[in-house]
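Enquirer: how does the following fold in three dimensions:
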Amino acid sequence: MTEYLDEQPAVASIHTFDVDEPFVEITRTKVAELGLGKVRQVLRLTDEETTRLPFPAGTFDLVLTIGVIEHLPFPNRHRYVDEYYRVLAPGGHIAILDTPNRAFPLETHSVGLPGIQWLPAPLAYRYARLCRSDRVRDTPFADFDAGAWRNASWAECLPSAGAGGLADVTEEAGYGWRFFRDTARSRIRRAALPAFAAAAAALRLAGRPPSLALPYFNVLFRKLDGAR
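Expert: Purely as a prediction, here's the structure:
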C-alpha cells in the first residue's frame, strides 16, 4: 500500500504507523531501499499511543484503514477509531477497506464458522475447537479471545459520536455494493449476486447503507466541512 501511494501524483506525503516492531523495521527498510520519497514517517507506537495519535486534529486529507478495525482490542474499539476521525481534515476522506462485516451470517475472515462472531468469547472458543480444531487446537483461549473472529460492526467503523458529521460516498466512489458486484469472479459469488442485489436494494429502501449486506466493508466517508 505504501509503495502504491508513493507512486500516486495526488499524494504529497505519507505518514504511517504500526504497533508491531519487526513490521515497522521491515517497512522502514523497504522505504529506504525503494527510495519512497513521500514517506515522512513510519512510526512504531504502543497500543495505548494509538488511542492518542501524535498528530494535531485535522492533519490529513486522507486516512486509510485497511484490514485494521477487526484486529483492535475488544470492546470499546472507539478508543482507537475516534482518533482516525480526529486527525482527518474537514472535507477529507477516510477509506475503511477489507474489513469483515460482523452482521454477515458467515464469519469469513478467521475461523470460517457461521454465527461465531455473535457469541460470547468462551462459547465461541468451544465452538471453534469443536468445528475448526485444525485451526485452533493449539491456540490458548487468551490468544483466541484477542483474535479477529469477532469481525467489525458498522458502528465500530464510525466515530463514537455517530455519522452526523460524515457523508457516505461509498457507492458513488465505486466501492461497497458496486465493488462487490463488479469484482465477482468465483462461481459461488456470481451465483449469489441476485440475492446480494436484493438485500442491498432493501437496505437502500430502508435508508440503510447497502454495504451492510456484504461480507466485507469497503467504504468511503467524507468529513463534512465544519465537522469536528
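Enquirer: average pLDDT across stretch 8-28?
Expert: Averaging pLDDT along stretch 8-28 yields 96.
Enquirer: alpha carbons of that stretch, as PDB, please.
Expert: Extracted C-alpha coordinates of stretch 8-28, given in PDB (Å, rounded to 0.1, in the frame of the first residue of the first chain):
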ATOM      1  CA  GLN A   8       0.300   8.500  -7.000                       C
ATOM      2  CA  PRO A   9       0.700  12.100  -8.300                       C
ATOM      3  CA  ALA A  10      -2.100  13.300  -6.000                       C
ATOM      4  CA  VAL A  11      -0.300  12.100  -2.800                       C
ATOM      5  CA  ALA A  12       2.100  14.700  -1.400                       C
ATOM      6  CA  SER A  13       3.200  12.900   1.800                       C
ATOM      7  CA  ILE A  14       2.600   9.700   3.700                       C
ATOM      8  CA  HIS A  15       2.600   9.200   7.500                       C
ATOM      9  CA  THR A  16       2.100   5.600   8.700                       C
ATOM     10  CA  PHE A  17       2.400   3.600  12.000                       C
ATOM     11  CA  ASP A  18       2.100   0.200  13.400                       C
ATOM     12  CA  VAL A  19       2.300  -1.500  16.800                       C
ATOM     13  CA  ASP A  20       4.400  -4.400  15.600                       C
ATOM     14  CA  GLU A  21       8.100  -3.600  15.900                       C
ATOM     15  CA  PRO A  22       9.500  -6.100  13.400                       C
ATOM     16  CA  PHE A  23       6.900  -5.000  10.800                       C
ATOM     17  CA  VAL A  24       7.900  -1.400  11.400                       C
ATOM     18  CA  GLU A  25      11.500  -2.200  10.800                       C
ATOM     19  CA  ILE A  26      10.800  -4.100   7.600                       C
ATOM     20  CA  THR A  27       8.700  -1.200   6.400                       C
ATOM     21  CA  ARG A  28      11.500   1.300   7.200                       C
END
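Enquirer: who does the residue most central in space within the chain bridge with?
Expert: The chain has Thr99 as the residue nearest its centroid, 3.9 Å off, counting by CA atoms, centre = their mean. Thr99 forms beta bridges with Phe217, as assigned by DSSP bridges.
Enquirer: now do the same for it: its pLDDT.
Expert: 98.
Enquirer: now do the same contact list for it.
Expert: 65-70, 151-152, 157, 216-218 (CB atoms under 8 Å, 6 or more residues apart in numbering). Bear in mind the C-beta positions are built from the backbone N, C-alpha and C, glycine included.
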